[in-house]
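Novice: A structural model of the following input is requested.
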Amino acid sequence: MGVAGLIAPWNSPVILLVRALGPAIGAGCTTVVKMPGQTAVTNALFAEAVAATRSLPAGVVNILTEAGNEVAPLLVGSPDVDVLSYTGSTRVGRAIAAAAAPTLKRANFELGGKTPLLVFDDADLDVVVPYLVTSCILMNGEFCCTGSRVLAQRGIADELRTRLAAGLEAVEVGPAEDPSSQMGPLTTVRVARPRNARPQDRRALSSEAGAAPSHQSGSAVPSAVVPSRRT
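Specialist: The predicted structure is shown next:
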């Protein structure tokens, strides 16, 4: 097929990269892989593993780490790159699609993600709530399959709100290497700052649903129920 440009996300760089890299190599492509600066140590370990793979010819997989945004436009706009793979935000995906149009590149996108969890009146909350809590804190909430929204039938909504807020409030936030931590810090302080700056926006829907999370410094942000403006 030619040269494949692969742009990996920071929230799951290895799994989501391999998902694109395997088919590209299988189709006979050489690849240029742009990995995110937020995961530099992981990137280096992955590059070492690729370099140690004797069955993989030199130059087939070319890996670089970039914290900025200079390489991606080169991959997208270059006539020497035939196909693109990008996992990330919808906004950036639209920009890549527009920039790739002049060269008629084939492109594969996985964009955005707001996974709704549906809870109906006949649900057993003793069973459901622990699953909801686990889903909401999966990979610190920074993953497209994280349970970022809970949609509850009216008859069960109030009790679910109270119990879910209590469950999230009890989540132990701490260093990822600490076995007692249930949720680690967010990837960057830049991502965490706006969440820490608006604790009132993370308050529970009622006083019975739990107190607003206390302010946290750095990248550690407590989980909480966020009120929806929709009814």
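Novice: Give me the pLDDT value at the closest residue to residue 67 other than its chain neighbours.
Specialist: Spatially, and ignoring its direct neighbours in sequence, residue 67 is nearest to residue 37 (2.9 Å; CB to CB, 6 or more residues apart in numbering). Any C-beta I mention is one placed from the backbone N, CA and C, and that applies to glycine too. Model confidence at residue 37, given as pLDDT, is 89.
Novice: try residue 175
Specialist: pLDDT, residue 175: 81.
Novice: Which residues are in contact with it?
Specialist: Residue 175 sits next to 181, 184-185 when contact means CB atoms under 8 Å, 6 or more residues apart in numbering.
Novice: Where does the prediction get shaky in the chain?
Specialist: Along the chain, segments meeting pLDDT under 70 span 188-231.
Novice: The most centrally placed residue in the chain in helix, strand or coil?
Specialist: Centroid-nearest residue in the chain, with CA atoms, centre = their mean: residue 143, separated by 2.9 Å. Three-state assignment for residue 143 (DSSP: H, G, I helix; E, B strand; the rest coil): coil.
Novice: Could you measure from residue 125 over to residue 164?
Specialist: When distance is defined by CB to CB, to the nearest Å, residue 125 is 9 Å away from residue 164.
Novice: who's more crowded, these two?
Specialist: More crowded of residue 125 and residue 164, by other CB atoms under 10 Å: residue 164, with 27 against 15.
Novice: Can you dump the C-alpha atoms of stretch 18-36 in CSV for me?
Specialist: C-alpha atoms of stretch 18-36 as CSV (Å, rounded to 0.1, in the frame of the first residue of the first chain):
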residue,chain,number,x,y,z
VAL,A,18,-0.6,-2.1,17.9
ARG,A,19,-4.2,-2.2,16.7
ALA,A,20,-3.2,0.0,13.8
LEU,A,21,0.4,-1.1,13.4
GLY,A,22,-0.3,-4.8,12.9
PRO,A,23,-2.7,-4.4,10.0
ALA,A,24,-0.4,-1.8,8.4
ILE,A,25,2.6,-4.2,8.5
GLY,A,26,0.4,-7.1,7.4
ALA,A,27,-0.6,-5.1,4.3
GLY,A,28,3.0,-4.5,3.4
CYS,A,29,3.3,-0.9,4.5
THR,A,30,6.2,0.8,6.1
THR,A,31,5.2,3.1,8.9
VAL,A,32,5.9,6.3,10.6
VAL,A,33,4.5,6.4,14.1
LYS,A,34,4.0,9.6,16.1
MET,A,35,3.7,8.8,19.8
PRO,A,36,2.6,11.3,22.4
